[in-house]
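Asker: Quick check, what structure comes out for this input:
(one chain, ligands or ions: 1)
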Amino acid sequence: MSKYIFVTGGVVSSLGKGIAAASIGKMLESSGLTVTIIKCDPYINVDPGTMNPFQHGEVYVTDDGAETDLDLGHYERFTNAKFTKNNNITTGKVYHSVITRERRGDYLGKTVQVIPHITDEIKNGIHRGAEQSKVDVVIVEIGGTVGDIESLPFLEAIRQFRIDVGRDYAINVHVTLVPYIKSAGEIKTKPTQHSVGRLREIGIMPDIILCRAEKKLPKDACEKIALFCNVDKDAVITAVDAKSIYEVPLNFQKEGLGKLISRLLKLRYNDTPLLDWKRRVVNKQKKPKKEIKIAVVGKYITLQDAYKSIYEALAHGAIANDVKLSIAKVDSEDIEKFGPLKYLKDVKGILIPGGFGSRGIEGKIKAARYARVNNIPFLGICLGMQTAVIEFARGVCKMDDANSSEFNKMTEFPVINLIEEQKNIKDKGATMRLGAYKCKIQQKTKAYNAYKNEVISERHRHRYEFNNTFMEELKKKGMIFSGINPERELVEIVELKKHPWYVACQFHPEFKSKPDKAHPLFADFISAALKVSSGKKKK
Ligand code: GLN
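Answerer: Numbers count the residues shown, from 1 in each chain. Predicted coordinates:
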């Protein structure tokens, strides 16, 4: 039977609970245990797919096409677990399922209530996630912060869950903040005490307290927290601020978290140091030979979380090439207003990520043109590919008002268009082309060079597609259609003949990149950026 680790958070949000859960998973996995991680999100949206990235950050997509929380991206980058729609439980999903059953009459006349019906549904969701992967340890992260009204049913559910499976089969890890007050020269344990107090009010006793802090907490502070929060002295662990998220599993291990968890859950755990991870990921980030500057041109660049997987995949590409990455985050609306030169003149590569809506699109088109005419390595992803196609049609094929019908329904040249099956869809939730699709790659192309494979599978999240009516014309002018979905003839990858490295894909390669196994397109993009000389004249 699986053992369970519940991870809750207190004091403030953004403490890195997701990274903590992923790091615990990494530590346990490296000792030979199998793990999975489930994220519970207390918001009422069924999934984050309908949310603005400014509200929620990136939407992470799994192979089975679930639009999920970005923490699943961390879980997948840190561990080898397989993630599906069952790894993300939201209040919206839980209520949707309970209300559907109520309408069917499944509750046989009972009053349907938060306890037990909603809490039962949450527990069933956790069991579903656990059963699908049959692992030694299931880590469950509860989103939000203790004290939020909306997370109460989840906390009640995990309280009950521990009783259901038996106390020895589950532990609670609480992540809190221990701030350092500069003017007083002191660290403060009170917020942690209050947060644990709130947890205890609802019947949850933490077994381990993970204290986010700028520096390692002194022994007396840990002892004080242990005393006031009713945990063992060695169960107060500092989660010290790290330069890179990939150091966190190493730090946790050094702090004895692996041994502690295995003692509490009676796991067959040997505390083998994460040497491989250290060598292949952490040390490489510390000792890079050179630095490379890559621009990400998007419209959500002010929010770090909006392009989370893109930034991580770029970092992986840099690790694979032994370079230090510096990212210029460029707002496409600025390029629209002031032109590309000001923002892109010193970058060695340009990446245009996915996105929706027309705001900033002309700026992206200018950035794609700048990369094309100046021979700057370019990676376009999803909307980034659509942008590259529009730019090529306008700039090279003389289709002056070429566009995507997402932005201009009246264009004479709808080079990006809706396919038939998308045309009559009215609902916004979970109706895009989502999840893993196959792609066949043409040999002797940049894409083939990167993947070294003829058939690949990548994840999608979009409605619009390349319009095949224009394929021949664009081909004639030098666009290569190097990746095609074999079942439906949909264009997956395009590239340019006369360019050192200009590749754009309709799918999202960033979701499958790992720190110790950079995605081939990201690795080759960074490698091309390194190779292309920087001293060229810019037009
Ligand atoms: N808006 C475009 C579409 O729906 C691109 C989507 C994306 O970049 N994820 O097709």
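Asker: Going by C-alpha atoms from here, please, whenever you check contacts or count neighbours.
Answerer: Will do.
Asker: For my notes, confirm Val491 occurs in a strand.
Answerer: Yes - residue state for Val491 (DSSP: H, G, I helix; E, B strand; the rest coil) corresponds to a strand.
Asker: who in the stretch 251-400 of the chain is up against the ligand?
Answerer: Gly354, Gly355, Phe356, Cys382, Leu383 (CA under 6 Å from any ligand atom).
Asker: Not counting its neighbours along the chain, what's nearest Met1?
Answerer: Asp136 (7.2 Å; CA to CA, 6 or more residues apart in numbering).
Asker: picking that back up, could the residues of the stretch 251-400 of the chain next to the ligand go into CSV alongside secondary structure?
Answerer: Putting those into CSV (three-state DSSP) gives the following:
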residue, secondary structure
Gly354, coil
Gly355, coil
Phe356, coil
Cys382, coil
Leu383, helix
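Asker: hmm, which two among these are most spread apart?
Answerer: Maximum pairwise distance in those, criterion CA to CA, is 9.9 Å, between Phe356 and Cys382.
Asker: Tell me which of these two has more neighbours.
Answerer: When Phe356 and Cys382 are compared for neighbours, Cys382 comes out ahead with 26 against 14, by other CA atoms under 10 Å.
Asker: quick one, what contacts that one?
Answerer: Counting by CA atoms under 8 Å, 6 or more residues apart in numbering, Cys382 touches Pro353, Gly354, Gly355, Arg461, His462, Ala504, Cys505, Gln506, Phe507, His508.
Asker: For those residues, which entry has the maximal number of neighbours?
Answerer: Using other CA under 10 Å as the neighbour test, these are led by Ala504, with 31 neighbours.
Asker: Wait, a helix at that residue?
Answerer: No - read with three-state DSSP, Ala504 is strand and lies in no helix.
Asker: Was I right to think it contacts Val491?
Answerer: No - look at Ala504 against Val491 with CA atoms under 8 Å: they stay out of range, at 10.5 Å.
Asker: Just the element for Leu379, please.
Answerer: Using DSSP states H and E, Leu379 falls within strand 378-381.
Asker: and what of Lys293?
Answerer: Element membership for Lys293 (DSSP H and E) is strand 290-298.
Asker: Now do that strand: which elements does it pack against?
Answerer: Contact analysis of strand 290-298 by 3 or more CA pairs under 8 Å, 6 or more residues apart in numbering; DSSP states H and E lists strand 323-331, strand 349-352, helix 361-373 as its packing neighbours.
Asker: try 7 Å
Answerer: Applying 3 or more CA pairs under 7 Å, 6 or more residues apart in numbering; DSSP states H and E, one finds that strand 290-298 contacts strand 323-331, strand 349-352.
Asker: How many neighbouring residues does the residue in the stretch 51-200 of the chain that the ligand sits nearest to have?
Answerer: Nearest residue of the stretch 51-200 of the chain to the ligand, counting by CA to the nearest ligand atom: Val59, 9.4 Å away. Here the number of neighbours of Val59 (other CA under 10 Å) works out to 27.
Asker: In contact with it, which residues are there?
Answerer: By CA atoms under 7 Å, 6 or more residues apart in numbering, the residues touching Val59 are Pro48, Gly49, Glu67, Thr68, Asp69, Leu70.
Asker: got the residues of the stretch 1-150 of the chain near the ligand?
Answerer: Going by CA under 6 Å from any ligand atom, none of the residues of the stretch 1-150 of the chain are near the ligand.
Asker: where are the low-confidence patches of the stretch 1-150 of the chain?
Answerer: By pLDDT under 70, the stretch 1-150 of the chain contains no weakly predicted segment.
Asker: Nearest to the ligand: which residue in the stretch 251-400 of the chain?
Answerer: Counting by CA to the nearest ligand atom, the stretch 251-400 of the chain gets nearest the ligand through Gly354, at 3.1 Å.
Asker: Look at that residue and report its pLDDT.
Answerer: pLDDT for Gly354: 96.
Asker: Tell me how many other residues crowd the nearest residue to it once chain neighbours are set aside.
Answerer: In space, and not counting its chain neighbours, Gly354 is closest to Leu383: 4.5 Å by CA to CA, 6+ apart. Using other CA under 10 Å, the number of residues around Leu383 comes to 27.
Asker: list the contacts for Leu383?
Answerer: Pro353, Gly354, Gly355.
Asker: Try it again at 10 Å.
Answerer: Contacts for Leu383 (CA atoms under 10 Å, 6 or more residues apart in numbering) come out as 298, 352-357, 361, 364, 389, 404, 416, 462, 464-465, 504-507.
Asker: Is the residue nearest to the spatial centre of the chain in a helix, a strand, or coil?
Answerer: Taking CA atoms, centre = their mean, the centroid of the chain lies closest to Gly73, which sits 3.3 Å from it. At Gly73, secondary structure determined by three-state DSSP is helix.
Asker: Once you drop chain neighbours, what's closest to it?
Answerer: That would be Tyr60: by CA to CA, 6+ apart, it lies 6.3 Å from Gly73.
Asker: what number of residues lie near the one you found?
Answerer: For Tyr60, using other CA under 10 Å, the count is 25.
Asker: Pretty sure it sits against Ala66.
Answerer: Yes - taking contacts as CA atoms under 10 Å, Tyr60 lies within contact range of Ala66: 8.1 Å.
Asker: intersection of neighbour lists for these two?
Answerer: Common neighbours of Tyr60 and Ala66, using CA under 10 Å, 6+ apart, are Pro48, Gly49, Arg461.
Asker: touching the ligand at all, the helix or strand bottoming out on mean pLDDT in the chain?
Answerer: Within the chain, no helix or strand scores below helix 420-423, which has a mean of 82 by mean pLDDT, DSSP states H and E. No - judged by CA under 6 Å from any ligand atom, helix 420-423 stays clear of the ligand, getting no closer than 10.2 Å.
Asker: any idea where the helices of the stretch 51-200 of the chain begin and end?
Answerer: For the stretch 51-200 of the chain, the helices defined by DSSP state H, counting those that start in this stretch occupy 53-56, 71-78, 91-104, 119-133, 152-165, 190-201.
Asker: Mind giving me the packing neighbours of the longest one?
Answerer: Translated: helix 119-133. The contact analysis (3 or more CA pairs under 10 Å, 6 or more residues apart in numbering; DSSP states H and E) places helix 119-133 against strand 3-9, strand 35-41, strand 88-90, helix 91-104, strand 137-142, helix 152-165.
Asker: try the third one
Answerer: Applying 3+ CA pairs under 10 Å, 6+ apart, one finds that helix 91-104 makes contact with strand 35-41, helix 119-133.
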